[in-house]
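Colleague: What shape does this take:
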Amino acid sequence: MGRISSLKIDEVRGAVNIVHYISQFVNLKKAGQNYKGLCPFHTEKTPSFMVSPSKQIFHCFGCGKGGNVLTFIMEYEKLPFIDAIRRAAEFAGISIPEAEFKRDEKEQTYFQKLYEINEIACSYFEEHLSKAMHKAQLDYFKNRGLSEKTIKKFRLGYAPEANNKLVDFLKKKGVELTEAEKLGLIARSYSNGKYFDKFRHRVMFPFQNLSGRIIGFGGRKLKEEQQPKYLNSPESPIYKKGSTLYGLYQAIQSIRENGFVVIVEGYFDLLRLVENRLYNVVASSGTALTDIQARLILRYTSHAVLLYDGDDAGRKAALRNAYILENNGLNASVALLPADEDPDSFVRKNGIKALDPYLKSQLTPVEFELNTFAEENPHPSMEAKNRLIQELLEKLVEIKDPLKIGLYLPLISERLSMTEELLVEQFRRLQRRRKRFAKRTEPEPEENESVTPVRLRQGQYQAEAGVIYLLLNGDQQIRNYLMEKLSYDLFENPHFILLYEAIMNELEETGSVNEEVVLEQFQEDLEIQSIISELALTEFQDQAKFARDCIFQLKKWRLEKQAEEINAMIRSEVESGEAVVHYSIELTRIRKQIHQLVKQHREGSEIS
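Modeller: Purely as a prediction, here's the structure:
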């Protein structure tokens, strides 16, 4: 595909005033140094869409969309990058002759290489599904009611029953097998050291990130004796299982248009609904939702409906995940199916219209739990009531929305015949206990010193975002400090890893960091454009302290993660006394490192 030269891109971007361009579509009003309006990418009543004329960027603090004028054109007008440049050039009165096009000769980064390997594997699985000799596997999907259109849309495939077909195919494509092994596509035999295919005789479900790139795979067994039923890719530099949702890439536009998302458990539950034109659906893939996944959903909608299996396990999973969503600022509802049904089987038997009453008769997690308790305890004892109240209050303490808590407490009071005053008193007692615990476990701010943004917005994501922002915008002293302290293993978010890699490459090549040169590499990555726009509109009063806090949090989380892994090893090796002793010594060493790290941070000394 042709590309316009970087000089011409810079000329076009520099000639278009972002405020003037976006004003064609959004009613912008002056708000300090910036302009504010209602976001064109999601429905809102209070403006959260900001446009900065000085930085020539936009960012919505509601849905997370952001970037420069080219990003806006790509998102709002649904144009590819090349056409977005042409549209901006037309607006600015700049002509772009065909001679400006040239091949993209930029070398792949390490992460682009991994994406390419997964893309090669995905095409291989798709190709095998379409072969006449594998008609039975294609019929497997068709017998489940899936059309060719849905099969192609989700890039479903088949991994043939062979030991090294994929290995040979990757070799022919010039793929480094050690990298394919990291992605979980192949593995090395312990007996002879040769590579073999990990996915064999399985129908394949590719996992895609928000840009549509293949980050991993799920393979379902086709023989009863195969184990496990589902074989998934391991975590890799480009795939974190707790940070992605199956089908989200395809569902984003529909989620925005409908104002809510339907969350199901399995791949076929999702594909069945999509086949029947319910497109605003994602799948949790049978695991508990994570806070990261909940916040990912919140970028596109604040309302989620959990449509899980109607059996006891499905009801419990729906309730658990509903509270996770509520704790992260979403309005979660549970839709109950009959006990012997899942979304796939229900729609196959009854049709999509029969699902409407279930989607409309949604229950909040508290209502759901109260109803379940009433069904199971028609004449509850005082002890049972007290136990349920304690469980509900423990969950409500995690919810950050006071208005929601104000609605839930009277409901609990009414349904369980408990005076509201007593409930409020007990709830406040739990809140105070939680705050005291938090104070004991978090480092105290230094005396007479304001709390920095990283304290107010705790989290791996914020700390990683902070160091990237400072590497791009901090003064030389702060950059030197960060470059000395940072390493790849401190990052978990794939987008920040990409940015960190680009910054390091720029430093190695030129000895300095040019923000425009670094960001130019990600013109077409809408997720990274959104991240950068948010960071650019963030202000920090004390950058030196902010840098130190970010490094502290990243190092502390890395050590805590190591401690969790060792604890898991201790539990798995409980029958081996020698192994337990070894891991316990290692765990003590890491805990000492954490203690020393916290001590140094409190004292204000540099973190080594």
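
Colleague: right, and the helix or strand after the helix or strand where V334 lies?
Modeller: In this structure, V334 sits in strand 331-335 according to DSSP states H and E. Next helix or strand after strand 331-335 toward the C-terminus (DSSP H and E): helix 343-350.

Colleague: list the buried ones in the very next helix or strand once past that following helix?
Modeller: Per DSSP H and E, helix 343-350 leads on to helix 356-360 as the next helix or strand towards the C-terminus. Applying a neighbour-count criterion of 16 or more other Cβ atoms under 10 Å, the buried positions in helix 356-360 are Y358. In short, each C-beta sits where N, CA and C put it, glycine included.

Colleague: which residues of the stretch 201-350 of the chain fall in strands?
Modeller: In chain order, the stretch 201-350 of the chain shows strands spanning 202-208, 214-221, 230-232, 261-264, 281-283, 303-307, 331-335, with DSSP state E, counting those that start in this stretch as the criterion.

Colleague: Tell me which of those sits nearest to Y124.
Modeller: When the strands of the stretch 201-350 of the chain are ranked by distance to Y124, counting by Cβ to Cβ, first place goes to strand 202-208 at 9.4 Å.

Colleague: mind listing what the residue of the chain positioned farthest from its centre touches?
Modeller: Using Cα atoms, centre = their mean, the residue of the chain lying farthest from its centre is H379. It sits 43.5 Å away. With contacts defined as Cβ atoms under 8 Å, 6 or more residues apart in numbering, H379 has no neighbours.

Colleague: how close does it get to K385?
Modeller: In this structure, H379 lies at 11 Å from K385, with Cβ to Cβ, to the nearest Å as the measure.

Colleague: What of Q529?
Modeller: When distances are taken as Cβ to Cβ, Q529 and K385 turn out to be 52 Å apart.

Colleague: Who has more neighbours out of the two?
Modeller: Neighbour count, other Cβ atoms under 10 Å: between Q529 and K385, Q529 has more, with 25 against 16.

Colleague: give the contact list for the residue nearest to the spatial centre of the chain.
Modeller: Nearest residue to the geometric centre of the chain (Cα atoms, centre = their mean): S243, 3.5 Å. The contact partners of S243, taken as Cβ under 8 Å, 6+ apart, are T290, I292, Q293, L296, N493, P494.

Colleague: Looking at those, spot the one nearest Q227.
Modeller: Of all those, the one with the least separation from Q227 (Cβ to Cβ) is T290, at 25.8 Å.

Colleague: model confidence over whichever strand or helix holds I551, on average?
Modeller: Under DSSP H and E, the secondary-structure element containing I551 is helix 543-572. Taken as a whole, helix 543-572 carries a mean pLDDT of 84.

Colleague: Just after that helix, pick out the following helix or strand.
Modeller: Taking DSSP H and E as the definition, the helix or strand that follows helix 543-572 towards the C-terminus is helix 577-603.

Colleague: That next one packs against which elements?
Modeller: Secondary-structure packing of helix 577-603 (3 or more Cβ pairs under 8 Å, 6 or more residues apart in numbering; DSSP states H and E): helix 543-572.

Colleague: so where's the protein shaky on pLDDT?
Modeller: With pLDDT under 70 as the threshold, the chain has low-confidence stretches at 1-7, 97-109, 436-458, 508-509, 511, 539-541, 572-579, 582, 605-608.

Colleague: K555 is in contact with S487, isn't it?
Modeller: No. Proximity of K555 to S487 does not meet the contact threshold set by Cβ atoms under 8 Å, at 9.8 Å.

Colleague: Between the two, point out the one with more neighbours.
Modeller: When neighbours are counted by other Cβ under 10 Å, K555 comes out ahead of the other of K555 and S487, with 21 against 10.

Colleague: shouldn't A317 be in contact with A288?
Modeller: Yes. A317 is in contact with A288 according to Cβ under 8 Å; the separation is 7.2 Å.

Colleague: Compare these two (neighbour count), which wins?
Modeller: When A317 and A288 are compared for neighbours, A317 comes out ahead with 20 against 11, by other Cβ under 10 Å.

Colleague: nearest spatial neighbour of that one, skipping sequence neighbours?
Modeller: In this structure, A317 finds its nearest non-sequential neighbour in Y308, 5.6 Å apart by Cβ to Cβ, 6 or more residues apart in numbering.

Colleague: same check, this time on V397
Modeller: Nearest-residue entry for V397: L430, 4.9 Å, with adjacent residues in sequence omitted and distances by Cβ to Cβ, 6+ apart.
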